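**Q** For reference, the sequence and a predicted model appear below.
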Number of protein chains: 2
Amino acid sequence: MNLSKRILSMQESPIRKLVPIADEAKKKGKKVYHLNIGQPDIETPDCFFKAIKNFDQKVLAYTNSRGIPKLIKSFINYYKNYDIHFEEDEILITNGGSEALLFALLAICDYEDEILVPEPFYTNYNGFGTSAGVKVVPITTKAEDGFHLPDKKVIESLITNKTKAILLSNPGNPTGVIYTPEEVDMLRNIAKENDLFIIADEVYREFVYDNFEYISFAHLDDIRNRVVIIDSISKRYSACGARIGSIASKNKELIKQVLKLCQSRLCVATIEQIGASELANISSDYFIDIVEEYKRRRDVVYEALSKMEGVICKKPHGAFYVIAKLPVKNAEDFVKWLLSDFDVNNETVMVAPAEGFYATKGLGKDEIRISYVLNENDLKKAMNILNKGLIEYKKINTK
Amino acid sequence: MNLSKRILSMQESPIRKLVPIADEAKKKGKKVYHLNIGQPDIETPDCFFKAIKNFDQKVLAYTNSRGIPKLIKSFINYYKNYDIHFEEDEILITNGGSEALLFALLAICDYEDEILVPEPFYTNYNGFGTSAGVKVVPITTKAEDGFHLPDKKVIESLITNKTKAILLSNPGNPTGVIYTPEEVDMLRNIAKENDLFIIADEVYREFVYDNFEYISFAHLDDIRNRVVIIDSISKRYSACGARIGSIASKNKELIKQVLKLCQSRLCVATIEQIGASELANISSDYFIDIVEEYKRRRDVVYEALSKMEGVICKKPHGAFYVIAKLPVKNAEDFVKWLLSDFDVNNETVMVAPAEGFYATKGLGKDEIRISYVLNENDLKKAMNILNKGLIEYKKINTK
């Protein structure tokens, strides 16, 4: 009566596994600033809730496996703002970006096939890889390089006859990296020359700072049949709980095949689709304000990190994460210690140890990921705690 | 730039593939009675919608990967009515029964492992099998036997060293069969003696007619660690569009492992969980009325089928489906013909050809599945059309 080897080998969420220690600290009355998860504090646009409250059908019925037509149209319209043009048979609504990622792997890879993924990467890519029986092969990137990609040769040396795709997030979670035009061009050439798909997780498309040039992989017209765009309303509209995502590609045959997977799970939650359909009506000013807000937060975090002794961190230009290399041996021990043994006026901070974001054993042990999803004031307090914690931790560990 | 072999080999939904032909008929002004899908016409309880309208949080945030505590508790309470006792760490909320089925396969089976499934079976079991890389091995049952199980020896002859579980729906979709105490006992012994799990899809638990004795696999205390219960609010509360299901087991280690899969997709849609949490407050009278309604519908369909010449169909005692063997060579051709070339006063009927519910090639070619999800009056009209269609079709084909 054994469980499967694949489920037993599956990684536990490195972000969520320290939650019990945080809960323990809270029980003792300590305040914890949560910089460990990507749950924004921004209000979900009111039109989402209004649409839900106006729902007046008597039977909550199955909807189309593709997604409800109004929602698909709203995604198509949204993309037009980015000069990205999808047709109705080129996009499917999914249970968050999560399901879109799983479906992309199932449609592109057979069992034991491989995908290349720049590491550190969004840790749940491991889970989808395990579920689909696909091996995640890391392209290692470094804090010192601001997590930009290595040379084409290095990447190509990782390609085998089992490699089917490159999966990446851009803007990057957990690194905040935005790939330069040169990097995008290199990936385009690698895909073309080695017959690979590019699965582009672009759920942070809006979160680009400093007028940094951002290129969607959907813009690469000459490889449009090789590109699969993963999307989600979770971060864009602060609607993580809606679980509304999408998979889109100019490769109509791919979408047609993925539709079979959609049909097997019947449909995506109806009410949340109805709420999400309204979000396309939000003016682009909405994003201007939000991006300004996140930029200020990024500045608070980055400036504080820059001043901390021994911390290595290049300025990230996108998403709402930053990875910092700390002057500690084991960042997980440090994070635990912050929660259980340290406080500033009975307040502490929770960040994510970065080791779980790497596939290569031993990497990231001295790194943490910070999500800047709190307001500036809280962020300042949290960064002050982190700084004092580092100093204190160093003292204890050099005694 | 090939797609995966597994996606290309995946079965298209046999229920949905004829939809374009039905749409064509409707365009021409023909009315179509839909007996092809399991979408009930019963109203979703109002408390579901009320709860949604009262949602007043400003940020639609991620919820617990397990499901929101209130919803888990409501499932636990619901089960108590059936003398089934699950604890909080023995149940997880899923995206419909669909996701629960996929997760069960991933947790129990490795790639190329096998599961035994009585056929005809819910066609999406194929999709979950393909996604998980698990081979569906059919235990053939027959219309003439009312789709009851063959002898223990026959079932055991299908077991190999790769067989990990028996998956079944009880009450059965698409057959309406309810397994007798003797059949349940046989399956219990097979599981015990051959070290197998039983994945029991019991989403039609309420739909039992004629005071037929129904035994949940959750009642088999001596094999409680081998039993996984798949559930859903879709049929029970006519809330198919909510996509709220669950996976439950007294095997706490299994649930703990499945939680990793839940964490990798973060959470289930928040709003729908909030609506679903209220359903446990519905009195058991609700089900008495609904089951009475479906029993009357079953009677309409079964009595009509019994009178049709050459049709073989035993009285089904559960769910809201019946499979009937027709005096035609190819039921799919007949179903298409009903839609495109036949009508009674410009009305016709759509049923599901049953071939797609069988894994064994060649079986079910002369069978259809009827879902009795319409009111009695419409059902009577639909069955009259079916009868007249059969007579007319026979005439044409013997010319």
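**A** Now that the structure is in, tell me what you want to look at. Residues are numbered from 1 along each chain as shown, chains lettered A, B, ... in the order given.

**Q** Please parse chain A into its domains.
**A** In the domain annotation for chain A, the residue ranges read A:5-43+A:285-398, A:46-281 (automatic domain parsing).

**Q** Show me the one of those that comes nearest B:Ser371.
**A** Among those, the nearest to B:Ser371 by C-beta to C-beta is domain A:46-281 (12.3 Å). Glycine gets a C-beta too; all of them are placed from N, C-alpha and C.

**Q** so how far is the first residue of that closest one from its last?
**A** Across domain A:46-281, the terminal residues are separated by 11 Å (C-alpha to C-alpha, to the nearest Å).

**Q** And that domain, how far out from the chain middle?
**A** Averaging C-alpha coordinates over domain A:46-281 and over its chain gives two centres that are 10 Å apart (C-alpha atoms, centre = their mean, to the nearest Å).

**Q** thinking again about what came up before, so for B:Leu168, which of the domains of chain A sits nearest?
**A** domain A:46-281 (18.0 Å).

**Q** now the residue nearest to A:Phe212 when sequence neighbours are not counted: how far from chain B?
**A** Nearest-residue entry for A:Phe212: A:His317, 4.2 Å, with adjacent residues in sequence omitted and distances by C-beta to C-beta, 6 or more residues apart in numbering or on different chains. Taking C-beta to the nearest C-beta, to the nearest Å as the measure, A:His317 falls 25 Å from chain B.

**Q** A:Phe103 too?
**A** From A:Phe103 across to chain B, the span is 9 Å (C-beta to the nearest C-beta).

**Q** Kindly give the local confidence score, pLDDT, for that residue.
**A** Note on A:Phe103: pLDDT of 98.

**Q** Next secondary structure after the strand or helix carrying it?
**A** Secondary structure assignment for A:Phe103, by DSSP states H and E: helix A:96-108. Per DSSP H and E, the first helix or strand lying C-terminal to helix A:96-108 is strand A:114-119.

**Q** just the angle between that next one and helix A:96-108, please?
**A** Here strand A:114-119 runs at an angle of 150 degrees relative to helix A:96-108 (axes from the mean of the first three to the mean of the last three C-alpha atoms, to 10 degrees).

**Q** Against which helices or strands is strand A:114-119 packed?
**A** Contact here means 3 or more C-beta pairs under 8 Å, 6 or more residues apart in numbering or on different chains; DSSP states H and E; on that basis strand A:114-119 packs against strand A:135-140, strand A:163-169.

**Q** Show the contacting residues for the closest residue to chain B within the stretch 51-200 of chain A.
**A** Taking C-beta to the nearest C-beta as the measure, the stretch 51-200 of chain A has A:Gly127 as its residue closest to chain B, at 2.7 Å. Taking C-beta atoms under 8 Å, 6 or more residues apart in numbering or on different chains as the criterion, A:Gly127 is in contact with A:10-11, B:260-261, B:263-265.

**Q** Same list (the residues you listed) but as JSON lines, adding secondary structure and neighbour count.
**A** Conversion of the contacts of A:Gly127 to JSON lines gives the following (DSSP: H, G, I helix; E, B strand; the rest coil; neighbours: other C-beta atoms under 10 Å in any protein chain shown):
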{"residue": "A:Met10", "secondary structure": "coil", "neighbour count": "21"}
{"residue": "A:Gln11", "secondary structure": "coil", "neighbour count": "17"}
{"residue": "B:Lys260", "secondary structure": "helix", "neighbour count": "23"}
{"residue": "B:Leu261", "secondary structure": "helix", "neighbour count": "24"}
{"residue": "B:Gln263", "secondary structure": "helix", "neighbour count": "22"}
{"residue": "B:Ser264", "secondary structure": "helix", "neighbour count": "23"}
{"residue": "B:Arg265", "secondary structure": "coil", "neighbour count": "24"}
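
**Q** circling back: can you tell me which of the helices and strands packed on strand A:114-119 is most buried?
**A** Of the helices and strands packed on strand A:114-119, the one with the most neighbours on average (mean count of other C-beta atoms under 10 Å in any protein chain shown) is strand A:163-169, at a mean of 24.

**Q** For that one, enumerate the helices and strands it packs against.
**A** Taking 3+ C-beta pairs under 8 Å, 6+ apart as the contact definition, the neighbouring helices and strands of strand A:163-169 are helix A:96-108, strand A:114-119, helix A:181-193, strand A:197-201.

**Q** Make CSV out of those and add mean neighbour count.
**A** Conversion of the helices and strands packed on strand A:163-169 to CSV gives the following (neighbours: other C-beta atoms under 10 Å in any protein chain shown):
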stretch, mean neighbour count
helix A:96-108, 27
strand A:114-119, 23
helix A:181-193, 16
strand A:197-201, 26
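
**Q** of the ones you listed, which approaches B:Ser65 most closely?
**A** Comparing those against B:Ser65 with C-beta to C-beta, the closest turns out to be helix A:96-108 (10.9 Å).

**Q** what packs against that closest one?
**A** When contacts are defined as 3+ C-beta pairs under 8 Å, 6+ apart, helix A:96-108 packs onto strand A:91-95, helix A:124-132, strand A:163-169, strand A:197-201, strand A:227-232, strand A:244-248, helix A:252-264, helix B:5-9.
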